[in-house]
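>>> how does the following fold in three dimensions:
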Amino acid sequence: MSVTHTAAAQLPRTLVWLLASAAGLSVANVYYAQPLLDALAQDFGVGQGAIGLVVSATQLGCAVALLLLVPLGDLVRRRRLMLVQLLLLGAALVAVGLARAPLGLLAGMLLVGLLGTAMTQGLIAYAASAAAPTERGHVVGMAQSGVVVGLLLARTLSGLVADMAGWRAVYFASAALALLLWAVLWRTLPEQPAPTQRLSYPALLRSMAGLLRHDRVLQVRGMLALLMFAAFSICWSAMALPLSAAPHALSHTAIGAFGLVGAAGALAAARAGRRADRGLAEPTTGAALGLLLLSWAPLAAMGSSLWWLALGIVMLDMGGQAVHVTNQSLVFRRHPEAHGRLVGCYMLFYAAGSGLGAIAATSMYAVAGWGGVCGLGAGVSLAALVFWYATLPRVTANTACAAAP
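Modelled structure (predicted):
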């Protein structure tokens, strides 16, 4: 059952909220395992060091999805593709819950990362394609808000369910939610026009290299995403180290709770999209990058009060999410027939920034402590601000004269 939608009219508010909720539920699957690693290690008889492969398998699935699955939305009907992926995601979640050997667990986690990422980014590409040009930034911002909330709540909810019913219940419950979400999307998600391109699948993948090579907006906004997500990763990868040590000595649950204060960034994301829709993408980006840079001052003051840490996290998340939404709004304005490939290419920059930031943060903490980490984060944030300013479109004198009446 489906209806057809064209991007000429504004999307119903209920559909925008549905897309945001579905994106949040989809991305949560990728992060459920992180607070459960101790339980997984004990249940499968795996050492504490080796159990980290669970996270690695999930992230590998994410990377493969960005390269191979997300672009498929430009070749086949995106609604049908997402419904199939959602059913497969539910099966993968059941497989994780039923796993009895480490190899089966890793295979299941790989599929969860693959299909969870494909669903999440497919929904964002669907939102960008379905929205009218005058509301695209707002709609993408709402969908991205759902992603942020889902990411933040995933760790907390999985811990609570695991405490009550064991870690396997987390995945069985999520599989049931996936089935329920499938039924809702099948009934309510409008069909989009069939893709007009007649590319083969290998040609579709090769065209992503062409987008990366020739699309300046994708290049600039992708590099901003790399630097911004590197700054994010620098903070979150190293933050647990000082918080778990004296004098704070916080539990993992308490440390994870700091992630919830970042929900303010999710609220700011949709507003940034509205400003981009009004032609204010560049000043919004500059202000957001300035906020990202300033956030490292209260983050560095964590030793004197954890309230400073909370303030810094809010500022970091607000600035970073506003940049992220504005980036996507500008990228999606180009090549309407290639939204799947565009989101895949753009999120590759995100993955690179997150990985590089994590490696740099832990290395810096080992030699210079939390102060060094904050200095590194501020340096990366400053680099992002300088890069944005250096790549701003310039109005030359000749252009100004030609535009004058």
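
>>> got the domain ranges for this structure?
Listed domain ranges for the chain are 1-195, 199-393 (source: automatic domain parsing).

>>> export those domains to CSV and tack on mean neighbour count and mean pLDDT?
Every C-beta, even on glycine, is put in place using the N, C-alpha and C of the backbone. Rendered in CSV, the data for these read as follows (neighbours: other Cβ atoms under 10 Å; pLDDT from 0 to 100):
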stretch, mean neighbour count, mean pLDDT
domain 1-195, 20, 85
domain 199-393, 19, 86
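
>>> isn't residue 325 up against residue 273?
Yes - using Cβ atoms under 8 Å, residue 325 is in contact with residue 273, at 4.9 Å.

>>> now do the SS call for residue 392.
coil (DSSP: H, G, I helix; E, B strand; the rest coil).

>>> contact partners for it?
Counting by Cβ atoms under 8 Å, 6 or more residues apart in numbering, residue 392 touches residue 282.

>>> of all residues in this structure, which one is nearest the centre?
Nearest residue to the geometric centre of the chain (Cα atoms, centre = their mean): residue 147, 6.2 Å.

>>> quick check: next helix or strand after the helix or strand hosting it?
Assigned by DSSP states H and E, residue 147 falls within helix 136-165. Next helix or strand after helix 136-165 toward the C-terminus (DSSP H and E): helix 167-188.

>>> what packs against that following helix?
Applying 3 or more Cβ pairs under 8 Å, 6 or more residues apart in numbering; DSSP states H and E, we find helix 167-188 packed against helix 13-31, helix 37-44, helix 78-98, helix 136-165.

>>> at 6 Å instead, please
With contacts taken as 3 or more Cβ pairs under 6 Å, 6 or more residues apart in numbering; DSSP states H and E, helix 167-188 sits against helix 13-31, helix 78-98, helix 136-165.

>>> got the contact list for the shortest one?
Residues from elsewhere that reach helix 13-31 (Cβ atoms under 6 Å, 6 or more residues apart in numbering): 58, 112-113, 116, 119-120, 123, 127, 139, 142-143, 145-147, 149-151, 154, 174, 181.

>>> tilt between it and helix 167-188?
150 degrees (axes from the mean of the first three to the mean of the last three Cα atoms, to 10 degrees).

>>> state the distance from the closest residue to residue 109 other than its chain neighbours to residue 177.
Sequence neighbours aside, residue 57 is the residue nearest to residue 109 in space, at 4.4 Å (criterion: Cβ to Cβ, 6 or more residues apart in numbering). According to Cβ to Cβ, to the nearest Å, residue 57 stands 22 Å off from residue 177.

>>> in JSON lines: the helices and strands packed on helix 167-188, plus distance to residue 291.
Listed next are the helices and strands packed on helix 167-188 as JSON lines, based on distance: least, Cβ to Cβ, whole Å:
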{"stretch": "helix 13-31", "distance to residue 291": "23"}
{"stretch": "helix 78-98", "distance to residue 291": "34"}
{"stretch": "helix 136-165", "distance to residue 291": "16"}
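
>>> between those helices, which one is closest to residue 204.
helix 78-98 (13.0 Å; Cβ to Cβ).

>>> can you name the residues in contact with the closest one?
72-73, 108, 111-112, 115, 118-119, 122, 126, 168, 171-172, 174-175, 178-179, 182, 189, 191-192.

>>> and it, how far out from the chain middle?
Counting by Cα atoms, centre = their mean, to the nearest Å, helix 78-98 is centred 19 Å from the centre of its parent chain.

>>> repeat that for stretch 165-173.
24 Å.

>>> mind exporting the C-alpha coordinates of it to CSV?
C-alpha atoms of stretch 165-173 as CSV (Å, rounded to 0.1, in the frame of the first residue of the first chain):
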residue,chain,number,x,y,z
ALA,A,165,16.3,-8.8,31.0
GLY,A,166,19.8,-9.4,29.7
TRP,A,167,21.7,-8.2,26.6
ARG,A,168,19.9,-10.5,24.2
ALA,A,169,16.6,-8.9,25.1
VAL,A,170,18.0,-5.6,23.7
TYR,A,171,18.2,-7.1,20.2
PHE,A,172,15.0,-9.1,20.3
ALA,A,173,13.1,-5.9,21.4
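
>>> find the nearest non-adjacent residue to residue 368, please.
Among residues not flanking residue 368 along the chain, residue 375 sits closest, at 7.4 Å (Cβ to Cβ, 6+ apart).

>>> follow-up on the earlier one: and residue 232, which of the helices and strands packed on helix 167-188 is closest to it?
Of those, the one closest to residue 232 (Cβ to Cβ) turns out to be helix 136-165, at 11.2 Å.
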